[in-house]
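Colleague: take this sequence and fold it.
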Amino acid sequence: MKFRPSLVAQLVVLLVVLPTSCSSRRSAYIRLNQVGYESGFPMRAYLMAPGPQSGARFSVRNSRGDTSYSAAVGPKLGNWGAYTVYALDFTLSTADSYAITVTDPIPATSPSFRVDRAEQLYSAALANALSFYQNQRDGADYIPSSLRSAPAHLNDQKAKVYNTPDFWSPKGSRIKGDLSPTGAIINASGGWWDAGDSLKFVGTHTTAVALMLIGVRDFPNQMGAGSPTSDFTSEAKFGLDWLQRMWDDNSRTLYYQVGIGSWNWHYENDHSVWRLPQADDTYHGDDPRYQYIRNRPVFIAAPPGSKISPNLAGRLAADFALCFMVYRASNKGYADQCLMAAEHVFDLADTAPTGDLLTAAPHDFYPESDWRDDMQFGATELYLATRVKPLPSGLPHVDPRFYLQAAANWAYAYIHSTEDTLNSSYIDHLTQFELWRAIELADKADDLAVSQADLQNDMRMKLENAVAQADKDPFGFGYLVGSGEYTFQAARISAMASEYDYMTHSSRFVVNSQHWLANILGANAWGSAFIVGDGSTFPHCLHHQVANLVGSHDGRPPILAGAMVAGPNGELESGAPRGVSPCSSHEPEAFSEFDGNGVHYKDSVKFYSTVEPAIDFTSSSLLMFAWRAAGTPSNTMSVASHRTSSY
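Modeller: Residues are numbered from 1 along each chain as shown. The predicted structure follows:
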């Protein structure tokens, strides 16, 4: 039941506005990146004080208790709720564990944090992210763990196909009547659960698979075979296998969703029952109210051979093209099948869509509005793939330039679109960066609809907007906190900053990239990381059925490590069916003291708008960590000097 800013809750919705505590004696707090700081770079932590800190000093002590740095508390950065926020700026080069102390007039001590080389700091975070996807696996090919003891949804192997249902209102969640079967049955098994529920969506899968495959291809020592702890090669293929089942290349048919989370008087749905997923196949025997829990419906996008919503077509084509590049050496037959499917999907994209884009049923679960960047992404990856020789026989298009020109045309359309594309896309930065590299490989680029400079300027403007917003925020966050999806936006702009600096051979945004990453990992008003297992304080009471029913509620194993949640929000939406395992009694108010400026955060299973993890949220962190750890993509170093490279 993953939250989106416009999602209409299907359960009992409670809008909560929590006043800041009025305690007369408040403490001061130090907020910092709990995973640590990269050696030798400027470092910033934050002092949150309930009163003036004029003349205060801070010290940074190493693991032996020696003072490694000392200075005056920095300037006032702004107010957050009842607190005033001050800068604590320092630089350290020696790898060690440290803590910050402020003594007067209001004392405060930070959690311990590391200073180390970037590749050391972020390796555990990437390993945790891989663990999250492994625990999200559906079907027979699950990975046993402390959270997972059985396969789930084996009935998906013979799933009935249904037409997309109608809903009571354009933004409603109640299905009109019963579902309408098409008569088809497909194998829809496998894939990852979308979020804290058991639903599966092609839309979110395409995002996660794309970011994994880019990581495997470009950062092999962080996300590929060169990493002993976070090799995503097999996990990405697991996601691809499910996408191959949801796209029937023989009949040119796309299926886009498995399961329902929508309300109806006559039957239960995924969001109305709180249980372990392995219980579903036999849930409540023959009771017809639970028929769609036991036998989950699959929704068809359109009749065979019909046009496909361009957002899904673009991302799916990109995934299949990336599949060809990543797996062609190890599994040629599989890779060739992927490339053939990529071209077929791309050719069927509906490039003049009307009404809502196809995302989920209902659309309001995932309200995408723009699609041009998705088409640009698909065309770019197909250009890169078709440059590789030999190509499988029977491809509709074998000339790479066909796709390069299409990518440039879609980039032009995207850049000049009237849609608000700055704050919504998981891949907007990646599409621009990938096309920039593709143009670098081309023998001729002066006749394309966009140039490398156009792509750089588009990213620069977005980053300058983010910096302008960061200058207004006490914690330097580059997106309007409270607008939803706090964590994904931080990861997005952090990765974008790294990409831009690579494109321009500069370090203009390197400090911003580090600061925005730190916002996710504890350098925020609540002093919490928003990725489970990363740092010393992180969400303990997830809105996630497996984590809630099997995992711990105190941060000790077993936890759903690597899961990224949405984080603080301007509006809190809550609700959970019967059967939720309660966490500690103080969970709803544990962070309320730090709510401020119209933004709230609750580490409580009932508040899915802040602590429900999701596969697309988490995927946004992968390249953020990989860029910071690696510094540069390993297989693009030769792009500028070797235009004939097969990439």
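Colleague: where does pLDDT dip in the stretch 451-600 of the chain?
Modeller: Applying pLDDT under 70 to the stretch 451-600 of the chain picks out residues 587-588.
Colleague: my read is that residue 442 contacts residue 404, right?
Modeller: Yes - at 6.0 Å, residue 442 counts as touching residue 404 under the criterion of CB atoms under 8 Å. To be clear about C-beta, it is placed using only N, CA and C from the backbone, and glycine gets the same treatment.
Colleague: in terms of neighbours, single out the busier of the two.
Modeller: Applying other CB atoms under 10 Å to residue 442 and residue 404 shows that residue 404 carries more neighbours, namely 25 against 17.
Colleague: quick one, what contacts the nearest residue to the more buried one once chain neighbours are set aside?
Modeller: Using CB to CB, 6 or more residues apart in numbering and skipping residues adjacent in sequence, the residue nearest residue 404 is residue 383, 4.5 Å away. When contacts are counted by CB atoms under 8 Å, 6 or more residues apart in numbering, residue 383 touches 400, 401, 403, 404, 407, 438.
Colleague: got the contact list for the residue nearest to residue 362 when sequence neighbours are not counted?
Modeller: Leaving out its chain neighbours, the residue that sits closest to residue 362 by CB to CB, 6+ apart is residue 167, at 5.0 Å. Going by CB under 8 Å, 6+ apart, residue 167 touches 173, 174, 175, 176, 262, 361, 362.
Colleague: go again using 10 Å as the cut-off
Modeller: Applying CB atoms under 10 Å, 6 or more residues apart in numbering to residue 167 gives the contacts 173, 174, 175, 176, 262, 263, 361, 362, 363, 364.
Colleague: next: residue 472.
Modeller: By CB under 10 Å, 6+ apart, the residues touching residue 472 are 78, 478, 480.
Colleague: measure residue 285 to residue 384 for me?
Modeller: As judged by CB to CB, to the nearest Å, residue 285 and residue 384 stand 52 Å apart.
Colleague: which of these two has more residues huddled nearby?
Modeller: Of the pair residue 285 and residue 384, residue 384 is the one with more neighbours under other CB under 10 Å, namely 26 against 7.
Colleague: columns distance to residue 548 and secondary structure on top of the contacts of residue 472, output as JSON lines?
Modeller: Putting the contacts of residue 472 into JSON lines (distance: CB to CB, whole Å; DSSP: H, G, I helix; E, B strand; the rest coil) gives the following:
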{"residue": "78", "distance to residue 548": "36", "secondary structure": "strand"}
{"residue": "478", "distance to residue 548": "32", "secondary structure": "coil"}
{"residue": "480", "distance to residue 548": "30", "secondary structure": "coil"}
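Colleague: derive a ChimeraX selection command for the buried subset of those.
Modeller: Typed into ChimeraX, the next command selects the buried ones out of the contacts of residue 472 (criterion: 16 or more other CB atoms under 10 Å):
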select :478
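Colleague: what's the overlap in contacts for residue 442 and residue 404?
Modeller: Shared contacts of residue 442 and residue 404, counting by CB under 10 Å, 6+ apart, come down to 383, 387, 448.
Colleague: name the nearest residue to the last one, sequence neighbours excluded.
Modeller: Spatially, and ignoring its direct neighbours in sequence, residue 448 is nearest to residue 408 (3.9 Å; CB to CB, 6+ apart).
Colleague: my guess is that neighbour contacts residue 376. True?
Modeller: Yes - the pair residue 408 / residue 376 is scored as a contact, 8.3 Å apart, by CB atoms under 10 Å.
Colleague: got the buried residues for the top helix by length along the chain?
Modeller: Of all segments of type helix in the chain, defined using DSSP state H, the longest is helix 452-472. Neighbour counts over helix 452-472 (16+ other CB under 10 Å) mark 452, 454-456, 458-460, 462-463, 466-467, 469-470 as buried.
Colleague: what's the answer for stretch 528-536, then?
Modeller: Neighbour counts using 16+ other CB under 10 Å place 528, 529, 530, 531, 532, 533, 534, 535 of stretch 528-536 among the buried residues.
Colleague: just those: which are in strands?
Modeller: Judged by DSSP state E, strands contain none of the buried residues of stretch 528-536.
Colleague: returning to that earlier point: which helix or strand contains the residue nearest to residue 404?
Modeller: If you go by DSSP states H and E, residue 383 is part of helix 372-386.
Colleague: please save the CA atoms from that helix in CSV.
Modeller: Presented in CSV, the C-alpha positions along helix 372-386 are these (Å, rounded to 0.1, in the frame of the first residue of the first chain):
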residue,chain,number,x,y,z
ARG,A,372,9.0,11.3,-22.5
ASP,A,373,12.0,10.6,-20.3
ASP,A,374,10.9,6.9,-20.3
MET,A,375,10.9,6.8,-24.1
GLN,A,376,14.3,8.6,-24.2
PHE,A,377,15.6,6.0,-21.8
GLY,A,378,14.4,3.1,-23.9
ALA,A,379,15.8,4.5,-27.1
THR,A,380,19.1,5.3,-25.5
GLU,A,381,19.7,1.8,-24.2
LEU,A,382,18.6,0.3,-27.5
TYR,A,383,21.2,2.5,-29.2
LEU,A,384,23.9,1.2,-26.9
ALA,A,385,22.7,-2.4,-27.3
THR,A,386,22.5,-2.4,-31.1
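Colleague: ok so, going back, just among the contacts of residue 383, which is most surrounded?
Modeller: Among the contacts of residue 383, the one with the most neighbours (other CB under 10 Å) is residue 407, at 28 neighbours.
Colleague: so who does that residue touch?
Modeller: Applying CB under 10 Å, 6+ apart to residue 407 gives the contacts 375-384, 431, 434-435, 438-439, 448-450.
Colleague: hmm, try it at 8 Å
Modeller: Applying CB under 8 Å, 6+ apart to residue 407 gives the contacts 376, 379, 380, 383, 435, 438.
Colleague: tell me the one of the residues you listed nearest residue 66?
Modeller: Set against residue 66, the nearest of the contacts of residue 407 by CB to CB is residue 435 (50.1 Å).
Colleague: from residue 376, how far off is the closest one?
Modeller: From residue 435 to residue 376 the distance is 6 Å (CB to CB).
Colleague: overlap of the contact sets of those two?
Modeller: Residues touching both residue 435 and residue 376 by CB under 8 Å, 6+ apart: 407, 411.
Colleague: is residue 179 in contact with residue 164, as I believe?
Modeller: No - using CB under 8 Å, residue 179 is not in contact with residue 164; the gap is 9.5 Å.
Colleague: on that earlier part again, mind putting the contacts of residue 472 into CSV with distance to residue 153?
Modeller: CSV is the format used below for the contacts of residue 472 (distance: CB to CB, whole Å):
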residue, distance to residue 153
78, 48
478, 39
480, 38
